[in-house]
Every structure is written in C-alpha cells, then in structure tokens.
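Visitor: Pasting a predicted model and its sequence here:
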Amino acid sequence: MVICIELDVDEGLEVPREALISVVSAALSTDEHVGTKLTIRITGDELLRKLNREHRDIDEPTDVLSFPMTDEVGFTNEFPDNEDAGGYLGDVVISFPAARRNAELTNTPFDRELSHLVTHGTLHLLGYSHDSEADKAQMRDHEAKLLGDWVHAIWDAPPTH
C-alpha cells in the first residue's frame, strides 16, 4: 500500500502523518485493497473551490473532495505526478482552512478532524456515498467503526463551508 501525503499550505502545519496513514490503511484493509495507492493533498480553500466548481458545479469551497480512478472515467486525478496508475485508487483533497473551521466549530482536536476528512474521502474512493439516507447511514456506520464514537459530534455540527 502506498499513501502519498502532499502539503500545499504554508501555515506551519504539523500533519499527523502516521495517524492519517493508519486510518487510511484501516479503511483499505477493511475493503481488502491490497497494493492500493492513493494521494492525500492538504491544500487551501481556493483549490477546493476551483475543483468543486469544475467537478460539481458548486462555486464554493468544501472541506474534502475525492477523485476516484475508475475504468469508466479514466484517470480523473488533477495531479499528474501520479502517472503510474497501476493499483491507483485516486486522490483525496482536503482544505486545511475548512478542516480548521470544522475542528473549532465542533470543539474537536484538529488531528481528529483531519482523520475524519481523510477517512470520509477514502470511503468515497471506495464507492461509499451519502446520496440517500440508506447510503448515508452505511457510510456513517463505517466511519464510526474506523474512527470511534467521537465522530458523531462532527456529523451533528452544521457545515463550515
């Protein structure tokens, strides 16, 4: 398993790399994705807004977006450094400012919020969604299994993006 964490922010950010790799590894091992590769990019609101506008027709930043690599769509990744697509699952892009706002709003430690966003994005790469109430319940159940009960406080908070 190869998990690339790219930082695209200049805020003296201390990223809990081992914790993020651990939650992604747990998500991937649960769904038996041996040999999988993915990229986690932590960036700013500007890029998330651009990607949200281009891919979802929503002209505002969000906290996390996922870009799966699928046979039907092809290589959807915005970051061409990952040209070797063998076993490549996709990209998870996280807004550092949105993660910080989320953490403050929910009174959650920043590293936990970041772990939640990485887990949430990885589950989207694995095909989980929250398009229907049933899908949302399944995704939340999986998040709680991977992260623990503390994640419930995050779900109940209003969005910060």
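Guide: Arrived safely, thanks for sending. Residues are numbered from 1 along each chain as shown.

Visitor: mind exporting the worst-scoring helix or strand of the chain on mean pLDDT as PDB, just the C-alpha atoms?
Guide: Lowest by mean pLDDT, DSSP states H and E among the helices and strands of the chain is helix 151-155, with a mean of 80. The C-alpha coordinates for helix 151-155 follow below in PDB (Å, rounded to 0.1, in the frame of the first residue of the first chain):
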ATOM      1  CA  VAL A 151     -17.100  11.100  15.100                       C
ATOM      2  CA  HIS A 152     -20.800  11.500  16.000                       C
ATOM      3  CA  ALA A 153     -20.200  15.100  17.200                       C
ATOM      4  CA  ILE A 154     -18.700  16.000  13.800                       C
ATOM      5  CA  TRP A 155     -21.800  14.700  11.900                       C
END
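
Visitor: residues in contact with it?
Guide: Outside helix 151-155, the residues that touch it by CB atoms under 8 Å, 6 or more residues apart in numbering are 102, 106-108, 113, 116, 140, 143-144. No exception for glycine: its C-beta is placed from N, CA and C like everyone else's.

Visitor: same thing but 7 Å
Guide: Counting by CB atoms under 7 Å, 6 or more residues apart in numbering, helix 151-155 makes contact with 102, 106, 108, 113, 116, 140, 143-144, all of which sit outside it.
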